[in-house]
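**Q** Fold the following, please.
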Amino acid sequence: QVQLVESGGGLVQAGGSLRLSCAPSGGTFSVDTVGWFRQVPGKEREFVAGISWRWGGTAYADSVKGRFSISRDIAKNTVYLQMSSLKPEDTAVYYCATRRGPVVTTVLSYENWGQGTQVTVSS
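**A** Numbering: from 1, shown residues only. Okay, here's the model as predicted:
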């Protein structure tokens with residue numbers, strides 16, 4: 001498995017924006033789906049958004065619909081998560097993950113995970 005590398009996290013004020021990136025280190029996305037998840041200490045990891053690498057179809061958690069947008073750049077071999085209108089409750093470690101098969105929301109369905117990037121939204 002190639003190593004997934006997330007970047008773009010940081011500290012932002014409520015209402016602000018951030019763009020996260022996910023790319024495979026030393027390899028290419030040879031998968032069907034790339035997903036973004038997030039986790040807060042003491043809570044379960046949760047699905048945020050997913051995209052079909054080949055077709056570009058997307059899915060979102062209800063909590064981020066209309067605020068977050070997932071996209072891919074095949075030429076750059078990168079998946080992005082554009083986050084806007086950020087809220088303090090979006091504070092979490094954000095993880096990129098991949099799977100063979102269509103976009104699903106279950107954590108255990110994803111086979112390869114990045115190390116995560118911290119997003120902190122201040123009120």
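**Q** only C-alpha atoms for contact and neighbour calcs from this point on.
**A** Fine.
**Q** partners of the most centrally placed residue in the chain in the sheet?
**A** Central residue of the chain (Cα atoms, centre = their mean): residue 36, 2.4 Å from the mean position. Going by DSSP bridges, residue 36 is paired in beta bridges with residue 49, residue 96.
**Q** what's near enough to touch it?
**A** 47, 48, 49, 50, 81, 94, 95, 96, 97 (Cα atoms under 8 Å, 6 or more residues apart in numbering).
**Q** at 7 Å instead, please
**A** Residues near residue 36 by Cα atoms under 7 Å, 6 or more residues apart in numbering: 47, 48, 49, 50, 94, 95, 96, 97.
**Q** Looking at those residues, spot the one nearest residue 103.
**A** residue 50 (5.9 Å; Cα to Cα).
**Q** Now the closest one. Nearest residue, chain neighbours left out?
**A** Distance criterion Cα to Cα, 6 or more residues apart in numbering; nearest residue to residue 50, sequence neighbours excluded, is residue 35 at 4.0 Å.
**Q** Quick one: residues contacting the one you found.
**A** 49, 50, 51, 96, 97, 98.
**Q** Separate out the buried members of the residues you listed.
**A** Buried members of the contacts of residue 35, scored by 16 or more other Cα atoms under 10 Å, are 49, 50, 51, 96, 97, 98.
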